[in-house]
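based on what follows, work out the 3D shape:
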Amino acid sequence: MGRKRALLVGINYPGTKAELKGCHNDVARMRRCLVDRFGFDDAGIRVLDDADPAAPQPTGANIRRELARLVADARPGDFLFFHYSGHGTRLPAETGQDDDTGYDECIVPSDMNLITDQDFTELVQKVPDGCLFTIVSDSCHSGGLLDKAKEQIGHSTRQNKAQQGKREERSDSGSGSGFRSFLKQTARDVLESQGVHIPHRGRQESSHDDSKAEEPSVTDGHVKNRSLPLSTFIEMLKEQTGKDDIEVGSIRMTLFSIFGDDASPKIKKFMKVMLEKLQQGQHGGVVGFVGALAQELLKAKLQGKQEDLKPAMEQEVHSVEEVYAGTTARVPSNGVLISGCQTDQTSADATTAKGLSYGALSNAIQAILAEKNRKVTNKELVLKAQELLSKQGYKQQPGLYCSDKHTEVAFIC
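I've put the predicted structure just below:
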């Protein structure tokens with residue numbers, strides 16, 4: 001009989017501009033569910049949250065370390081599970097290359113040390129055959145977190161391809177409509193992240209009655225989304241570093257400057273590519289694009305201060321395309337991603353009039369499992385979650401990303 005092991009992460013970001021309410025509750029409920037329904041031992045469940053400042057925090061390094069430990073010890077027959085409740089964000093391209101037009105979908109640890117879609121894809125690639133790793137991400141833009149996995153339920157892959165085609169057309173025509181669209185979406189994200197509801201055409205509140213899944217509305221609760229707008233993320237980085245020159249173009253460099261070897265592997269690879277281009281004299285607009293921070297790092301390199309740059313320069317990179325926004329990693333075959341929404345959508349963080357807070361997807365999962373006295377397949381769970389959230393008036397559409405053989409496999413184990 002295989003072992004059952006889990007990592008649960010819930011981040012409310014207390015006292016910050018990004019504060020959420022329901023993530024700790026999501027993790028507590030999922031932990032009880034793993035023990036009571038799925039037969040996990042308490043000793044096999046690791047929890048990271050920011051409820052107690054004295055406890056290990058859900059920083060990027062801690063989350064990455066626990067995920068690596070989860071996978072490194074895995075063997076055929078094991079069941080691995082990762083639940084994340086917290087903010088998600090999207091990093092736009094920063095290489096300055098004309099054909100680098102995508103986004104890196106990321107989860108946002110408590111210290112802002114982002115974990116990217118490629119990090120997750122490469123992690124799942126290490127899962128041995130015969131072992132299944134299920135990921136639930138109740139966060140915004142989560143549809144792309146296990147990039148290259150087959151999209152069984154959702155539209156993120158199709159939409160990303162369509163958006164890329166439109167961006168290429170706009171690039172050829174010189175139109176600024178793409179940038180205006182980016183600003184428009186950023187403004188919407190900022191407002192909704194602060195709890196300002198922006199009506200969507202066709203959105204209606206439902207009279208569906210489900211005692212297991214509360215239905216917040218304008219009159220009986222509060223709903224905000226779990227998207228961390230890029231502008232807010234940059235503000236928080238500025239506060240953390242004391243630097244005022246952080247903007248799109250220097251975000252990845254800033255993250256490397258702060259976290260060094262603890263930064264995302266993809267960000268370390270990005271740094272290597274950019275530093276080598278600068279060192280080789282390929283300034284061609286690169287210095288101006290990435291800002292003053294890149295020049296500081298380059299100066300340190302040229303002056304022989306190698307130690308701080310070592311984590312980047314040790315990375316193996318075969319081409320600049322490897323660090324483009326998005327991922328070039330191989331298709332993971334032993335992973336299942338259940339996302340709270342599509343890549344272009346936000347996931348809700350809700351608080352009822354009675355003060356109960358939760359993520360909309362997490363709450364839906366608990367409701368579905370509570371009413372089913374049998375195993376529920378991954379496909380059934382996601383379709384039921386879509387139906388339930390739609391009836392409750394949420395616009396987000398959960399997605400399922402996995403190989404064909406895992407669609408009808410029981411959720412978790």
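
give me every residue that touches Tyr23.
Wrong residue type there; residue 23 is Cys, not Tyr. Counting by Cβ atoms under 8 Å, 6 or more residues apart in numbering, Cys23 makes contact with Gly10, Ile11, Asn12, Asp49, Ser85, Gly86, Asp138, Asp349, Gly359. C-beta here means a position set from N, CA and C on the backbone, and glycine is covered the same way.

distance of it relative to Lys405?
32 Å (Cβ to Cβ, to the nearest Å).

check Leu48 too.
31 Å.

run a quick neighbour tally on the nearest residue in space to Leu228 that is not next to it in sequence.
Nearest residue to Leu228, sequence neighbours excluded (Cβ to Cβ, 6 or more residues apart in numbering): His87, at 4.0 Å. Residues near His87, counting by other Cβ atoms under 10 Å, number 30.

ok, His87 to Lys269 distance?
Separation of His87 from Lys269 (Cβ to Cβ) stands at 24 Å.

with Gln315 instead?
5 Å.

of those two, which one has the most company?
More neighbours surround Lys269 than the other of Gln315 and Lys269, with 20 against 17 (other Cβ under 10 Å).

restricting to C-alpha, output stretch 20-38 in PDB.
Taking Å, rounded to 0.1, in the frame of the first residue of the first chain, the C-alpha atoms of stretch 20-38 are listed here in PDB:
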ATOM      1  CA  LEU A  20      -7.000  37.800   2.500                       C
ATOM      2  CA  LYS A  21      -9.400  36.200   4.900                       C
ATOM      3  CA  GLY A  22     -10.200  32.600   3.900                       C
ATOM      4  CA  CYS A  23      -6.800  30.800   3.200                       C
ATOM      5  CA  HIS A  24      -6.100  29.600   6.800                       C
ATOM      6  CA  ASN A  25      -9.700  28.100   7.000                       C
ATOM      7  CA  ASP A  26      -9.200  26.400   3.600                       C
ATOM      8  CA  VAL A  27      -6.100  24.600   4.800                       C
ATOM      9  CA  ALA A  28      -7.700  23.600   8.200                       C
ATOM     10  CA  ARG A  29     -10.700  22.100   6.400                       C
ATOM     11  CA  MET A  30      -8.500  20.300   3.900                       C
ATOM     12  CA  ARG A  31      -6.400  18.800   6.600                       C
ATOM     13  CA  ARG A  32      -9.400  17.400   8.400                       C
ATOM     14  CA  CYS A  33     -10.700  16.100   5.100                       C
ATOM     15  CA  LEU A  34      -7.400  14.300   4.300                       C
ATOM     16  CA  VAL A  35      -7.400  12.600   7.700                       C
ATOM     17  CA  ASP A  36     -11.100  11.800   8.000                       C
ATOM     18  CA  ARG A  37     -12.000  10.900   4.400                       C
ATOM     19  CA  PHE A  38      -8.800  10.000   2.700                       C
END
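
figure out how far that stretch is from the centre of its chain.
With Cα atoms, centre = their mean, to the nearest Å as the basis, stretch 20-38 stands 19 Å off its chain's centre.

same thing with stretch 222-237?
Stretch 222-237 has its average C-alpha position 13 Å from the chain's average C-alpha position, going by Cα atoms, centre = their mean.

what residues of that stretch count as buried?
Using 16 or more other Cβ atoms under 10 Å as the test for burial, stretch 222-237 gives 222-230, 232-234, 236-237.

between these, which is nearest Leu91?
Leu230 (7.7 Å; Cβ to Cβ).

that closest one and Thr89 touch, don't they?
Yes. Counting by Cβ atoms under 8 Å, Leu230 touches Thr89, with 6.6 Å between them.

any residues in contact with both of these two?
Counting by Cβ under 8 Å, 6+ apart, nothing touches both Leu230 and Thr89.

ok, for Lys150, nearest residue in space, not its chain neighbours?
Ser403 (6.0 Å).

strands of the chain, residue ranges please.
Here the chain has its strands, by DSSP state E, at 4-10, 45-49, 79-85, 88-92, 103-107, 115-116, 132-138, 151-153, 221-225, 335-339, 348-352, 357-359, 399-401.

which other helices and strands contact the last one?
I take that to be strand 399-401. Packing partners of strand 399-401 (3 or more Cβ pairs under 8 Å, 6 or more residues apart in numbering; DSSP states H and E): strand 151-153, strand 335-339, helix 378-391.

buried deepest among these, which one?
strand 335-339 (a mean of 28; mean count of other Cβ atoms under 10 Å).

output the contacting helices and strands for that one.
With contacts taken as 3+ Cβ pairs under 8 Å, 6+ apart, strand 335-339 sits against strand 132-138, helix 360-371, helix 378-391, strand 399-401.

how about these in CSV, adding mean pLDDT?
Formatted as CSV, the helices and strands packed on strand 335-339 follow (pLDDT from 0 to 100):
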stretch, mean pLDDT
strand 132-138, 98
helix 360-371, 97
helix 378-391, 97
strand 399-401, 97
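
looking at those, spot the one closest to Phe120.
strand 132-138 (7.1 Å).

direction included, what does that closest one pair up with?
strand 79-85 (parallel), strand 335-339 (parallel) (DSSP bridges).
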